[in-house]
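Chemist: Here is my input; please provide its structure:
(2 chains)
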Amino acid sequence: MGKYSEDPKWSDIDPLPTDEGGPNPLAAIAYAEDYEETMSYLRAVMAANELSPRVLELTEDLIDMNPAHYTVWLYRSKCLFHLHSDLHEELEWLNETALQHQKNYQIWHHRLTIVDALGEECDVQGEQEFVARMFEKDAKNYHVWSYRQWLVKRFQLWEKGELEFTEKMLEEDVRNNSAWNHRWYVVNGREAEGVKGVTDPEIREREIKYAEAAIAKAPQNQSPWNYVRGIRKASGTELAALKPLAERYASVERPGTVRSSFALDLLVDILSEESGGKQQAGKALDLLATTYDPIRKNYWAYRKSQLGLGSIETAATA
Amino acid sequence: MAVLSNEDAAQEPDLDKARHVKYWTRCLKTLLPHHYTSNDSNRLYLAYFIVSALDLLGALDTVSSADEREDYVNWIYRCQHPNGGFRMFPGTDFGERATAENACWDPANIPATYFALASLLILKDDFSRINRAGTLHWLRQMQREDGSFGETLVNGRIEGGRDPRCGYCAAGIRYILRGLREGSAKVNGQEVDDINVNQLVHCVRLAETFSGGLADEPFHEPHAGYTFCCLGALALLGRLNLTGPPAESPLEAPKNPEEVLKWLVFLQTELSDPNAGVDSEFAQSQRRSNKPANSKKIDEARDARKDTVHQEPCETVGVTLFDLIVDGAGMCGRPNKVADTCYAFWAGACFHIMQQPQLYNDQAIRRYLLGKTQHDVLGGFGKFAGDLPDLYHSYLGLAALSLAEMTGVKKLDAGMCMSTEARSRLPKLWASWNV
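Modeler: Alright, predicted model coming up:
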C-alpha cells in the first residue's frame, strides 16, 4: 500500500521493481517502502518514455529522496521542455531543493540548463540573490561559486557590482579563499578576450593595494599572499618588488618579530634570487622549520636542500 | 624553555584493526542503513569502498566465502551494460521492458565503469566476461572535443560536468583495459581507436591556477580532489611531468610541478573543528578538551614559548610544535579550510603520485586520523572529530593511513587507490590480451 499504488491517477501503470540479479548484491540499501515504490513507478514511466505533468510530480518526489540519480534529472528536463512548463516555477522548486541538498552537483547542472534556456527572460538579480542566500549557509560552497562564475560570463556581469560583491564577502571573512579566487576571476577572466586584468599597471596597483590591506588585517592568511604572488606571475613583474611587503611581517635578523609564516616564505624566495642572499634564505627556512611552521618541516628541509644548503639547523630558534 | 622529549609527547595512537574489520564486514554482509538512499545511484562506488577496504585490511578472503565472493563478482557483472561500460546500480535497467527507445535512460556511466573494473581486480576476477571492445569503443565516444570526459551518453549527447573526475576515471578504464601504449588497438579482432590523449592533457593544463593547485575548470578555485584527479589521470596516461618545464611533444602536465607541490604542502593544517570561528582557531594555544596525561607539561612548555616570542594571538602563526605533537594535523581540500578525513587521502596521494611522499608530515596525519576521526566504538572514520563513520570517509581514511606508512594496512597504490597487490594483477591480464 503506497502513495502511487493507491492513487487512481496511477492505476494504469504497472510498476517495475529492481532486479538485483542474484544473491548477495553489494552495497544493498535498506530502502524505505516509499522509495522502492517511487523507483518502481519511475522505471515504468521511463520505460514507456512518458512525458506528462504527473511525471514531473514523480521525478520531484524521487529527487527529494535521491538527488544523485543521474538520468532522472535529464528525464525531468526533457519533460519540462516537452510540456513547455513554466521555468520560473522550476527555479523556485530548485531553490528549496538546493538548500536541502547543499553538496549535490546535479541540482546546479539542472539550474544552469534552465537559466540558460530562459536567457534574457531570466531574473538575473534574483539568481544573484539566491546565490547570496546559499552563501549564508556555506560561504565556500564550490558548486555555488562555480555557478556564480557561470552567471557572470553568461550575463556579462563583469562590471555590474561583482568586484564589490567579492569585497563584501571578504569583509565578512578575509580568509575566504573562494572569494579571493572569484576576485581573481572577475579581474582577470577576460584576458583571453583582450580585456586586461593585472597586466594593466593601474589595475595591478589597485589589486596589490587591496591585498596589502587584507594582509594588514590578518597577516597569517595564505589567500592574499597567494594573490600577490599570482599577480606578479601573471604580469611578469619582479618578485623583488614584494620585498618591502614581506619585510613588514618577517625578518631573518629579528626572528622574534615574525608575524606571518607566509611573509617569511616569500622572503625565502626573494633572498634566494639575490646575489649573496642564499645564506639568509637558509636561515629563514630554519626559522620556518623549527619555529613558525613546523607542520611543514620536511618541506622546508627540501627547499633548503634545493638551495644546496644542507639540513635544517635548530640553533636558529628564537 | 621547557623541553618535551619525544617519548612524553608521542605515544602513537593505534589502529583499532578489529573494529575496522567489523565495520566493513557489517557493510558487506548486511543492508546499509536507509540514509544511504541518497547514494543509491552511486552503489558501485560504495561497493568498491567495501571490497577495497576489506582487501586493505587483509580480511576480504577471511570474512567471506568463495561462493559469496562469486556472488559479488556476479553482481558487478549484473551492472555491465550490454554495449560496454557499467551502470552505477541496477536501478536504471528496464529488464524485459528495455527497448531501443528507452535505452537512453539506462546508459553506461564513466565513474561506475572505473569502480567496477577496480573492484573486479580486487576480487581477483579473470575479466573473461568483460566486453573490452565495447567498453573501449564507448570510452572513445565519451570524450568531448575540448578533451574532457562526460559521465553518460544520452540521446547522442555527452552529459555530466567537464571536471577531471571523469577524466581520471576514463584514464583508469583505458589503463586497465589496454595499458599505457598509445594509438589504436586490436581487441578481439576489432580495431578500436584510442582516446585523444593530448587533448585530455591539454584540458588538465587549462585547469592549473595562479596559486599552484588544480581546479575542475579554468578560473575555478583549486581543490585537492580535482588536483588528485588531474595528477592521477596524467600518471595513468604516462604524461605526468615531475620536474622542471614539461615536454610539449608528447604533451605533459603540470606545467610547474614545484608550485603544485607547494600548494599541496600548505593543505596540511591543525585546524580541525568545523564549528570554531576561524579567528579563534588561528589564535595560539587553544586548548582542546581531551587532554592527554602529559598535557600539563605541554601547557608549561607552550606558555614558555609564548613568552619568548611576544606575539599577539590574533596575528600570530597558527600552529605550535606542541599542538602538532599532541593533536597531529590532517589535510584540508582548499586553503583556509579545516581538516577533513578524506583530504588526507586526496592531498596525501598527490605527493605519492608526484614521487615526493616525504614532503608531507605523515606522522601528524596518523595522529589526526587515529586520534581524532577514527570512531572508538563503531570502527571506520568520520568526516570530522566526533562524527559517525560513513563509507566514504572510512575508506579514504584507511587509504590515507596506508600511504602514511601505517602498519597493519596493506600498501596502497596512490594513483589507483587500491592495494599495490591488486594493481600487480594487471600485467598478467595485459599479457593475456597481448597488450
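Chemist: Can you read off the pLDDT for the nearest residue to A:P23 once chain neighbours are set aside?
Modeler: Counting by CB to CB, 6 or more residues apart in numbering or on different chains, A:P23 lies nearest to B:D71, which is 5.3 Å off, once chain neighbours are set aside. (C-beta placed from N, C-alpha, C; glycine too.) B:D71 carries a pLDDT value of 98.
Chemist: now swap in A:Y105 and tell me
Modeler: 88.
Chemist: secondary structure class for the closest residue to it other than its chain neighbours?
Modeler: Nearest residue to A:Y105, sequence neighbours excluded (CB to CB, 6+ apart): A:H143, at 6.2 Å. Under DSSP: H, G, I helix; E, B strand; the rest coil, A:H143 falls in the helix class.
Chemist: tell me the contacts of A:H143?
Modeler: With contacts defined as CB atoms under 8 Å, 6 or more residues apart in numbering or on different chains, A:H143 is in contact with A:103-105, A:107-108.
Chemist: What of B:R144?
Modeler: Contacts of B:R144 (CB under 8 Å, 6+ apart): B:150, B:158, B:162.
Chemist: And B:L15, by the same measure?
Modeler: B:370, B:374, B:401, B:406-409.
Chemist: Kindly report the same for B:T135.
Modeler: Contacts of B:T135 by CB under 8 Å, 6+ apart are B:84-85, B:108, B:113, B:173, B:177.
Chemist: Then B:E145?
Modeler: B:Q199.
Chemist: Quickly find the element holding it.
Modeler: Here B:E145, judged by DSSP states H and E, is contained in no helix and no strand.
Chemist: One more: B:L153?
Modeler: Per DSSP H and E: strand B:152-154 holds B:L153.
Chemist: Going by neighbour count, list what's buried in the helix or strand following that strand.
Modeler: Beyond strand B:152-154 on the C-terminal side, the first helix or strand identified by DSSP H and E is strand B:157-159. Across strand B:157-159, burial judged by 16 or more other CB atoms under 10 Å in any protein chain shown covers B:158-159.
Chemist: Could you tell me which other helices and strands strand B:157-159 packs against?
Modeler: With contacts defined as 3 or more CB pairs under 8 Å, 6 or more residues apart in numbering or on different chains; DSSP states H and E, strand B:157-159 has these neighbours: strand B:152-154.
Chemist: Give me the phi and psi angles of the residue nearest to A:P23.
Modeler: Main-chain torsions, B:D71, degrees, to the nearest 10: phi -60, psi -40.
Chemist: Count the neighbours of B:G150 for me.
Modeler: For B:G150, the count of nearby residues is 21 (other CB atoms under 10 Å in any protein chain shown).
Chemist: ok so, going back, may I see the contacts of B:R144 arranged in JSON lines, with pLDDT as well?
Modeler: Shown next, in JSON lines, are those (pLDDT from 0 to 100):
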{"residue": "B:G150", "pLDDT": "97"}
{"residue": "B:I158", "pLDDT": "97"}
{"residue": "B:R162", "pLDDT": "88"}
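Chemist: Which of those sits closest to A:S40?
Modeler: B:G150 (28.2 Å; CB to CB).
Chemist: wait, what's in contact with that closest one?
Modeler: Per CB under 8 Å, 6+ apart, neighbours of B:G150: B:110, B:142, B:144, B:158-162, B:166.
Chemist: In chain B, where is pLDDT below threshold?
Modeler: B:1-10, B:276-326 (pLDDT under 70).
Chemist: Check the secondary structure at the closest residue to chain A within the stretch 151-300 of chain B for me.
Modeler: Here the stretch 151-300 of chain B gets closest to chain A at one residue, B:F210, 3.4 Å apart by CB to the nearest CB. Assigned by three-state DSSP, the conformation of B:F210 is coil.
Chemist: Okay, and the closest residue to it other than its chain neighbours sits in which element?
Modeler: Leaving out its chain neighbours, the residue that sits closest to B:F210 by CB to CB, 6+ apart is A:G230, at 3.4 Å. Assigned by DSSP H and E, A:G230 belongs to helix A:222-235.
Chemist: right, and the helix or strand after that helix?
Modeler: Defined by DSSP H and E, the subsequent element after helix A:222-235 is helix A:243-249.
Chemist: what does the average pLDDT come to for the helix holding A:G230?
Modeler: 97.
Chemist: Buried by neighbour count, from the contacts of A:H143: which ones?
Modeler: Among the contacts of A:H143, those buried by neighbour count (16+ other CB under 10 Å) are A:104-105, A:107-108.
Chemist: any chance of the contacts of B:L15 in CSV, plus neighbour count?
Modeler: Converted to CSV, the contacts of B:L15 look like this (neighbours: other CB atoms under 10 Å in any protein chain shown):
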residue, neighbour count
B:L370, 20
B:Q374, 26
B:L401, 27
B:M406, 20
B:T407, 9
B:G408, 14
B:V409, 22
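Chemist: Which ones among the residues you listed map onto helices?
Modeler: Judged by DSSP state H, the contacts of B:L15 include B:L401 as members of helices.
Chemist: Phi, psi for B:T269 please.
Modeler: Per degrees, to the nearest 10, the backbone of B:T269 is at phi -150, psi 150.
Chemist: and what of the one 5 residues further on?
Modeler: The phi and psi torsions at B:P274 (degrees, to the nearest 10) take the values phi -70, psi -20.
Chemist: And B:M331, by the same measure?
Modeler: Residue torsions, per degrees, to the nearest 10, at B:M331 are phi -120, psi 150.
Chemist: what does B:L214 give?
Modeler: The phi/psi pair for B:L214 (degrees, to the nearest 10) is phi -110, psi 150.
Chemist: Same check on the one 10 residues further on?
Modeler: Dihedral pair for B:A224: phi -60, psi -40, per degrees, to the nearest 10.
Chemist: Which stretches in chain B count as strands?
Modeler: Remark: strands assigned in chain B by DSSP state E are B:152-154, B:157-159, B:185-187, B:190-192, B:268-269, B:330-331, B:412-413, B:418-419.
Chemist: no no, chain A
Modeler: Ranges of strands within chain A: none, based on DSSP E.
Chemist: is the lengthiest helix in it anywhere near chain B?
Modeler: Counting by DSSP H, the longest helix found in chain A is helix A:201-217. No. Against chain B, helix A:201-217 shows no contacts by CB under 8 Å from any CB of the partner chain, the least distance being 9.6 Å.
Chemist: List the neighbours of that helix that are in contact with it.
Modeler: A:170, A:174, A:187, A:196-198, A:221, A:223-225, A:227-228, A:231, A:235, A:237, A:245, A:249, A:260.
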